[in-house]
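K.L.:
coordinates only, sequence not included:
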């Protein structure tokens, strides 16, 4: 990702350092090797110009009854500059 990386997710700061801090300190994600095959269920990938959008299956717990859940579609969209992620959007809302 570029140094100026712009993050539109309200939970993470822009810039490479802000994104790393969000995933390592806030979300507590531990680095793992990339698997040979990703397990994410991709619905679609659309690319036009410098933008790429990936839509995928997202399983969610029911807020009224956590023993139940439902499936919806989530997305990530990136703008690439010189082969690096430069800007990112997703449908995230502020963490409570």
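P.N.:
Nice, I can see it. Everything numeric here is computed off the predicted structure, so don't read it as measured data.
K.L.:
So the residue nearest to the spatial centre of the chain: helix, strand or coil?
P.N.:
Nearest residue to the geometric centre of the chain (C-alpha atoms, centre = their mean): residue 76, 5.2 Å. On the three-state scheme (DSSP: H, G, I helix; E, B strand; the rest coil), residue 76 is labelled strand.
K.L.:
State the distance from it to residue 65.
P.N.:
Look at residue 76 and residue 65: by C-beta to C-beta, to the nearest Å, they are 28 Å apart. Using the backbone N, CA and C atoms, a C-beta is placed for each residue, glycine as well.
K.L.:
So what pairs up with residue 53 in the strands?
P.N.:
residue 46, residue 77 (DSSP bridges).
K.L.:
wait, it sits on residue 73?
P.N.:
No - Residue 53 lies out of contact with residue 73 (C-beta atoms under 8 Å); the separation is 11.3 Å.
K.L.:
what's the overlap in contacts for the two?
P.N.:
With contacts taken as C-beta atoms under 8 Å, 6 or more residues apart in numbering, residue 53 and residue 73 have no neighbour in common.
K.L.:
how about the helices in this protein?
P.N.:
According to DSSP state H, the chain carries its helices in the segments 16-21.
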